[in-house]
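**Student:** sharing a model that was predicted from the sequence below.
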Amino acid sequence: MTTLASLLGERDDPIAEQMLSVLDRGEIPQPVEWAERQSFSQRISPAAPGLFSFSLTPYLRDFVASFADPTVTDDTAVMASQVGKTTALMLGVGWSILHQPGPTLWVTPTEAFARSFSQTRWMPFVNDNPELTAIKPTDKDLFKLLEQHYQSCTLNFVGSNSTSQLISRPIQLFIGDEIEEWQRATNDGTSALRQGEQRTKAVPGAKRIKCGTPKLIAGELWQDFLAGDQRHYQIPCPECRVPFIFEMKKSTLQWNHEAKDKTGIWNHAKVLETARYHCPHCDFQIRDHHKPAMLRAGAMHRARPEAPAHRRSRHLNSFYSPWVSFGQMAVEFLRAQDLFGLQDFTNGYLGLPWEDQVAGVHDDKVLALRRDDFAFYFRDLGGGLTCWAATECPCDPVIVTLCADPGQTKTHWSVEARESDGTAWLLAYGTVLSIEDLLKIVPLLEWPIKGTERTARVQAGLVDSGDFTNRVYSMCARSKNVLFPSKGSTAQFGTWGQSETRDYPGLILYTYTDFSAKCALYLETIAQKLPPRLWWPSNAGHEFISGHMGQKMVQTRTARGYTKFWKPQPEDHFGDCSKLHRITWWILEHKLGSTPEPQPA
């Protein structure tokens with residue numbers, strides 16, 4: 001049998017001698033080192049054929065290196081066109097097959113795409129690489145377009161629409177390529193991406209690489225990027241040396257205004273010739289010839305260093321590409337405006353999700369919920385539990401509800417009292433470290449009802465169970481029909497529904513349409529001041545108020561038309577509590593017989 005050493009020994013060149021030297025020492029080359037020994041033919045890499053070098057694309061070093069980092073389990077790469085994403089993936093997978101072998105699954109949008117990629121890019125890459133060629137099976141039936149059995153491991157290419165391939169045997173390395181183009185769900189309605197990722201759970205040290213161009217803010221690719229450490233490649237200005245990130249702004253990418261003719265039409269040739277990038281710090285005019293040195297002097301910067309260490313993410317737009325000039329970026333921007341609108345340019349060249357704002361809530365509308373005749377005070381509940389609360393309940397309520405949104409470090413909660421017409425008064429809000437602490441909070445909260453001798457106490461409430469399902473279910477079951485788990489759906493229509501939980505007999509799970517609930521709270525109650533009204537104390541704290549700010553409804557173009565959704569907002573936990581209170585009112589209205597039957601979410 002031909003061995004790797006004997007195969008390399010037949011070659012009389014410096015690369016072979018260097019590789020043999022590494023083998024003799026018993027060392028495993030790191031991915032970046034290994035990558036720069038690979039040669040790409042014109043067919044595989046028409047933009048840069050020959051011996052691969054990171055000198056052209058130094059921003060890819062970090063991505064390729066992560067294939068060997070044992071601390072990284074998830075790496076999400078949001079990349080625009082022509083920055084070298086596919087080359088980086090091939091280098092990373094090639095290194096893994098040789099030096100970190102294990103069952104590998106490479107998922108593309110469709111099976112036809114997988115076949116084409118394997119035939120035109122991957123297999124020529126393998127055949128041009130003596131190390132990979134040496135471990136190919138001798139039986140040609142074991143080395144096909146979609147299924148390849150190397151001596152060290154197997155590699156399978158599948159399309160996201162091949163449901164059966166996504167749920168078969170475990171894998172060590174999962175590659176999700178262009179995931180925003182995938183079939184959105186499998187036959188049973190679950191996410192194709194999440195179903196593919198499930199196959200790595202039983203394999204110690206498994207790694208999931210997800211990449212592509214984003215389309216939707218709420219899409220899985222962009223959300224996975226936001227969950228990671230959000231790396232950006234900073235480059236220094238040739239003049240002031242202050243590092244910055246390439247961005248598309250009026251103040252940065254500019255071209256000569258004389259490039260427009262008398263009819264107002266841009267002369268693309270003149271735009272291409274005169275375009276330059278202005279340093280955001282010193283306004284120095286950066287030309288294309290400056291870019292190579294700037295890229296070599298650049299470094300990755302983590303915008304979110306507090307992210308879990310195992311979740312890495314990165315973003316690169318086409319400005320970084322050595323094959324895309326500033327003039328080309330300007331011309332593509334102008335063409336997109338004239339022909340298709342800016343969504344395709346934003347997705348493909350800036351590597352950003354597109355959004356058309358349809359509606360939003362201004363900060364002054366949120367602040368208008370405060371009443372001058374109503375105030376809170378700080379209350380020590382004992383046992384390390386505190387909150388901000390009213391001294392009395394300002395209305396004679398039909399129900400008092402506590403709703404909570406569990407988070408990674410603490411759980412946010414609030415209490416509202418409802419009048420018979422649905423008007424809501426905030427009675428208290430706070431945070432607890434543990435979800436189970438809600439059981440301690442409930443019996444401690446009590447208010448005298450204004451104008452009566454009666455008191456108001458928490459009677460019911462919803463707790464979000466999306467992230468900590470079992471703990472929330474267990475806690476709610478122990479609350480003795482006071483607190484109930486809830487879960488939102490991504491549907492565009494409907495209100496709420498209910499079902500009995502499987503493992504906790506008698507415990508009801510309330511499901512709701514998140515889009516509808518936010519429309520009711522933010523557009524109707526807050527922005528338009530429609531009934532039922534909502535009132536807060538005059539001294540509501542910044543954390544509580546800011547948890548309701550910044551809400552925007554946006555729309556984006558999809559294959560089926562336009563889809564509207566609420567843009568995810570950071571730190572909106574108290575806003576989610578208010579949303580759950582609104583859902584409890586929907587439920588109560590139904591039970592009182594004043595609304596139609598629920599429409600399951």
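**Tutor:** Structure's in. What do you need?

**Student:** from here on, just use CA atoms for contacts and neighbour counts.
**Tutor:** Will do.

**Student:** what's near enough to touch the residue nearest the centre of the chain?
**Tutor:** Centroid check for the chain by C-alpha atoms, centre = their mean gives residue 223 as the closest residue, at 1.2 Å. By C-alpha atoms under 8 Å, 6 or more residues apart in numbering, the contact list for residue 223 reads residue 217.

**Student:** let's go with 7 Å and repeat that
**Tutor:** By C-alpha atoms under 7 Å, 6 or more residues apart in numbering, the contact set of residue 223 is empty.

**Student:** wait, a helix at it?
**Tutor:** Yes. Per DSSP: H, G, I helix; E, B strand; the rest coil, residue 223 lies within a helix segment.

**Student:** for residue 386, see how far away it is.
**Tutor:** 33 Å (C-alpha to C-alpha, to the nearest Å).

**Student:** check residue 214 too.
**Tutor:** 42 Å.

**Student:** on the three-state scheme, residue 575 is what?
**Tutor:** helix.

**Student:** number of nearby residues for it?
**Tutor:** 25 (other C-alpha atoms under 10 Å).

**Student:** give me the low-pLDDT residue ranges for the stretch 151-300 of the chain?
**Tutor:** The model of the stretch 151-300 of the chain has pLDDT under 70 over residues 163-168, 183-191.

**Student:** my error: substitute the chain in the last question.
**Tutor:** 1-26, 42-48, 163-168, 183-191, 338-341, 357, 557-562, 592-601.

**Student:** show me what contacts the closest residue to residue 147 other than its chain neighbours?
**Tutor:** Excluding its sequence neighbours, the residue lying closest to residue 147 (C-alpha to C-alpha, 6 or more residues apart in numbering) is residue 156, at 4.6 Å. Residue 156 sits next to 104, 105, 106, 146, 147, 148 when contact means C-alpha under 7 Å, 6+ apart.

**Student:** list buried residues within those residues.
**Tutor:** Neighbour-count burial (16 or more other C-alpha atoms under 10 Å) is assigned, among the contacts of residue 156, to 104, 105, 106, 146, 147, 148.

**Student:** can you put these in CSV and add secondary structure?
**Tutor:** Putting those into CSV (three-state DSSP) gives the following:
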residue, secondary structure
104, strand
105, strand
106, strand
146, coil
147, strand
148, strand
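
**Student:** which parts of the stretch 351-500 of the chain are helices?
**Tutor:** 363-367, 438-441, 469-478 (DSSP state H, counting those that start in this stretch).

**Student:** in CSV: those, plus distance to residue 379 and mean neighbour count.
**Tutor:** Formatted as CSV, the helices of the stretch 351-500 of the chain follow (distance: least, C-alpha to C-alpha, whole Å; neighbours: other C-alpha atoms under 10 Å):
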stretch, distance to residue 379, mean neighbour count
helix 363-367, 23, 16
helix 438-441, 12, 18
helix 469-478, 24, 18
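
**Student:** to residue 342, which of the ones you listed lies closest?
**Tutor:** Of all the helices of the stretch 351-500 of the chain, helix 363-367 sits nearest to residue 342, with 28.0 Å by C-alpha to C-alpha.

**Student:** check the offset of the closest one from the chain's centre.
**Tutor:** Relative to its parent chain, helix 363-367 has a centroid offset of 28 Å by C-alpha atoms, centre = their mean, to the nearest Å.

**Student:** mind giving me the packing neighbours of that helix?
**Tutor:** Contact partners of helix 363-367 among helices and strands, from 3 or more C-alpha pairs under 7 Å, 6 or more residues apart in numbering; DSSP states H and E: none.

**Student:** which outside residues touch it?
**Tutor:** 526, 527, 549.

**Student:** follow-up on the earlier one: neighbour-wise, which of residue 214 and residue 386 wins?
**Tutor:** residue 214 (28 against 16).
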